[in-house]
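A.B. asks: Sharing a model that was predicted from the sequence below.
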Amino acid sequence: MHLTLHADYSLRVLLYLAARPGRLASTQELADAYGISKHHLVRVVQTLAGEGFVDVKAGRSGGVALAKATKDISVGRVLRAAEPDFELVECFNRERNTCPIAPACGLKGVLAEAREAFLAVLDRYTLADLVGRSRGDLADLFLPVMAP
C-alpha cells in the first residue's frame, strides 16, 4: 500500500501547522519548509479547508492555520479525505475490474480486512498524538523559508 502524495502532503501541512501553533503560514512557506511544489500544496490546502481541518485567509497578510485543536483532528479522517480511494487492487472497483478470477477469489476479502485494520489504527491517533510522538526539535527540521 502506498499513500498518494496528496495524502502525504496533507499530513505534512497539518504537522507543520501544529508544530508552529498560533500563526498563519503561506502556501509558499509550507512548500519551502518541505522543498515541494507550491502548486501541489494549493490543492492539498483546498482539500484540508474543504474538510474543515484548516482555515484559509486570503490576501497579502493571509495564510493557513489549523481550524481545530490538534486533539480534534483524526489521522484516519484526514487520510480518508485526502486519498482518492483505498482500492488496493483492481477487483475493489467493480466497474474497472478485469480480473477473471474475481468472482471466486478469496484475496479481495483478506485485503479489505487488512485495509480496515490499517484505517482502524489511524483512527486511534490524532494530530496531537503525532506531535506528541515527534521529537522536540520537529519545528527546527523544516527547511528554511525563502525570503520573498
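C.D. replies: Ah, there it is.
A.B. asks: Relative to the whole chain's centre, how far out is the worst-scoring helix or strand of the chain on mean pLDDT?
C.D. replies: Every helix and strand in the chain was compared by mean pLDDT, DSSP states H and E; the lowest is helix 27-34, with a mean of 93. In terms of CA atoms, centre = their mean, to the nearest Å, the centre of helix 27-34 is set 15 Å apart from its chain centre.
A.B. asks: in stretch 134-148, what counts as buried?
C.D. replies: Within stretch 134-148, the residues scored as buried using 16 or more other CB atoms under 10 Å are 138-139, 142. For the C-beta atoms, the positions are set from N, CA and C on the backbone; glycine is no exception.
A.B. asks: quick one: Pro144 is in a helix?
C.D. replies: No: counting by DSSP: H, G, I helix; E, B strand; the rest coil, Pro144 is not part of a helix but coil.
A.B. asks: Thought Gly35 was touching it, still the case?
C.D. replies: No: assessed by CB atoms under 8 Å, Pro144 is found out of contact with Gly35, at 10.4 Å.
A.B. asks: tell me what the least confident helix or strand of the chain is packed against?
C.D. replies: Contact here means 3 or more CB pairs under 8 Å, 6 or more residues apart in numbering; DSSP states H and E; on that basis helix 27-34 packs against helix 5-19, helix 38-50, strand 63-66.
A.B. asks: which residues are in contact with the longest helix that the chain contains?
C.D. replies: Longest helix in the chain, counting residues (DSSP state H): helix 107-123. For helix 107-123, contacts defined as CB atoms under 8 Å, 6 or more residues apart in numbering pick out 1, 74-77, 79-80, 86, 88-89, 91-92, 102.
A.B. asks: mind putting those residues in a markdown table, distance to Gly62 and neighbour count included?
C.D. replies: Shown next, in a markdown table, are the contacts of helix 107-123 (distance: CB to CB, whole Å; neighbours: other CB atoms under 10 Å):
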| residue | distance to Gly62 | neighbour count |
| --- | --- | --- |
| Met1 | 36 | 8 |
| Ser74 | 26 | 18 |
| Val75 | 27 | 19 |
| Gly76 | 29 | 16 |
| Arg77 | 25 | 17 |
| Leu79 | 27 | 20 |
| Arg80 | 27 | 15 |
| Phe86 | 33 | 16 |
| Leu88 | 39 | 16 |
| Val89 | 42 | 14 |
| Cys91 | 45 | 19 |
| Phe92 | 40 | 16 |
| Ala102 | 49 | 15 |
